[in-house]
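Visitor: give me coordinates for this.
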Amino acid sequence: MVVWSPFKFNCGREMANRFAIAPLTTDSSHEDGTVTEHELEFVRRRAAGGFGATISSAAYVAEDGRSWQGIGAAHDGHLSSLQALAGAMRAAGGLAILQIYDGGRIAKPELIGEQTMRAPSAVASLRPGARTPRAMTSDEVESLVGSFRAAAALARKAGFDGVEIHGANHYAVHQFFSPRANHRDDHWGGTLAKRMNFPLAVAQAVRDALGSKLIAGFRVTPFEAEADGYTLDDARLLCDELAGLNLDYISVSLDDYRKSRPQRETRVYNGPAEEIPVPATSPITELARVIAGRCAVMASGGIKTSGDAEGAIEMGADLVAVGRAVVVDPEWLSKVRSRSEASILAGLPGDEREIASSLSIPPRMVEYMLSRPGWIPRL
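Guide: Model (predicted):
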């Protein structure tokens, strides 16, 4: 089966198989952005299954862009924390990739201070209760590009095998590309080409900071479900440009790869399922066509079995990222490898007290997950 074959990136680094642990928000770091022992154990136990790569929870690149209480990659004070995380991610010899992000208009005021919230434009998020951010100056935009560059350099110093830019799920990089969030009329917005400038500048900065021998990845939402959002055709143009920057992979962020369903900005976890219009052809297939082998394509969303993984590869993916399934069952990959899929846990324990202890999930992460009913299945 293709999913068990090795894969070599443009930079020369090799995954032993096509499975990666997807970036998973833990909301469980220390207040200063350093990793906790609970987080290390969460990662260590899951990586021990033999994944080809583990992608970290997203690390903030700037103190004023934090969207949850997660790890930081904003300054040298985070170096030892990142070194410990990279070590835990290599529990079974797989590659360790640090995902980095900035929250932009969906940063949390309680973490950064309401007056400091900044974004491409002074346009509030569609999320309930969202505050209106102030528009960033050109100098601030340049500085934020520099923060991504510095975070990538810190990841290299900490010993990671690569970095993934979080350009999806409505965070700052996504916001610059979105016509809903970006109303600028300068170099950083106003036309589709100019809205691509920030994502491309960040990608180039990260590539430069890492050098040619480490993995540079980019996570993208393939289209916005909102009526005034960017389209799959827009994302094709962005991915075409990204693939020309000598990246190693582009990850297509979907809630369910089979349904071609991305995450809405207004995502509500305790309400009825949202109807999202989807393109006739899978975004994975469409983006793989335009990328045309210049870098790898990673699929995510709804990977629960080896058959799911093979299905994503048949659509055009080279790699698959497994998220919720490995949260629920830390030994998921070992069971898939041994053809024991019938024994894979289908949901979190019904008793909340058992979730953290039996599955090595940080207590704050348990609270985070349970506050989003329907996101992770329960037994």
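Visitor: show the pLDDT at Arg195.
Guide: Per-residue pLDDT puts Arg195 at 98.
Visitor: wait, it touches Phe177, no?
Guide: Yes - between Arg195 and Phe177 there is a contact at 5.2 Å, judged by C-beta atoms under 8 Å. Glycine gets a C-beta too; all of them are placed from N, C-alpha and C.
Visitor: so what sits against both of these two?
Guide: Counting by C-beta atoms under 8 Å, 6 or more residues apart in numbering, the residues touching both Arg195 and Phe177 are Tyr230.
Visitor: which one's more surrounded, the two?
Guide: Phe177 (27 against 23; other C-beta atoms under 10 Å).
Visitor: show me what contacts that one?
Guide: Phe177 touches Gly167, Arg195, Met196, Phe198, Pro199, Tyr230, Asp234, Leu238, counting by C-beta under 8 Å, 6+ apart.
Visitor: what do you get for Ala168?
Guide: By C-beta under 8 Å, 6+ apart, the neighbours of Ala168 are His174, Arg219, Val220, Thr221, Ser251, Ser253, Pro262, Gln263.
Visitor: which one of those residues is nearest Ala356?
Guide: Minimum separation from Ala356 among the contacts of Ala168 (C-beta to C-beta) is found for Gln263, which lies at 25.6 Å.
Visitor: wait, the closest one sits on Ser253?
Guide: Yes - in terms of C-beta under 8 Å, Gln263 counts as a neighbour of Ser253; the distance is 7.1 Å.
Visitor: longest helix in the chain, please.
Guide: Looking across the chain with DSSP state H, the single longest helix is helix 138-158.
Visitor: ok, and what's touching that helix?
Guide: Residues from elsewhere that reach helix 138-158 (C-beta under 8 Å, 6+ apart): 59, 61-62, 65, 73-76, 78-79, 82-83, 85-86, 98, 100, 102, 118, 120, 136, 162-163, 165, 172, 186-188, 198, 201-202, 205-206, 208-211, 214, 216.
Visitor: buried among those residues? Need that as a selection in ChimeraX.
Guide: Buried members of the contacts of helix 138-158 can be picked out in ChimeraX with the line below, counting by 16 or more other C-beta atoms under 10 Å:
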select :59,61,62,65,73,74,78,79,82,85,86,98,100,102,118,120,136,162,163,165,172,188,198,201,202,205,206,209,210,214,216
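Visitor: among the contacts of helix 138-158, which lie within strands?
Guide: Counting by DSSP state E, the part of these found in strands is Ala59, Leu98, Ile100, Arg118, Gly162, Val163, Ile165, Ala216.
Visitor: could you give the bridge partners of the fifth one?
Guide: Meaning Gly162. Ile97, Ile215 (DSSP bridges).
Visitor: ok, it to Gly211 distance?
Guide: Gly162 sits 11 Å away from Gly211, taking C-beta to C-beta, to the nearest Å as the criterion.
Visitor: in the longest helix of the chain, what's buried?
Guide: Here helix 138-158 shows 141, 144-156, 158 as buried, counting by 16+ other C-beta under 10 Å.
Visitor: just the helices in the stretch 51-200 of the chain please.
Guide: 79-89, 109-112, 138-158, 172-177, 192-195, 197-210 (DSSP state H, counting those that start in this stretch).
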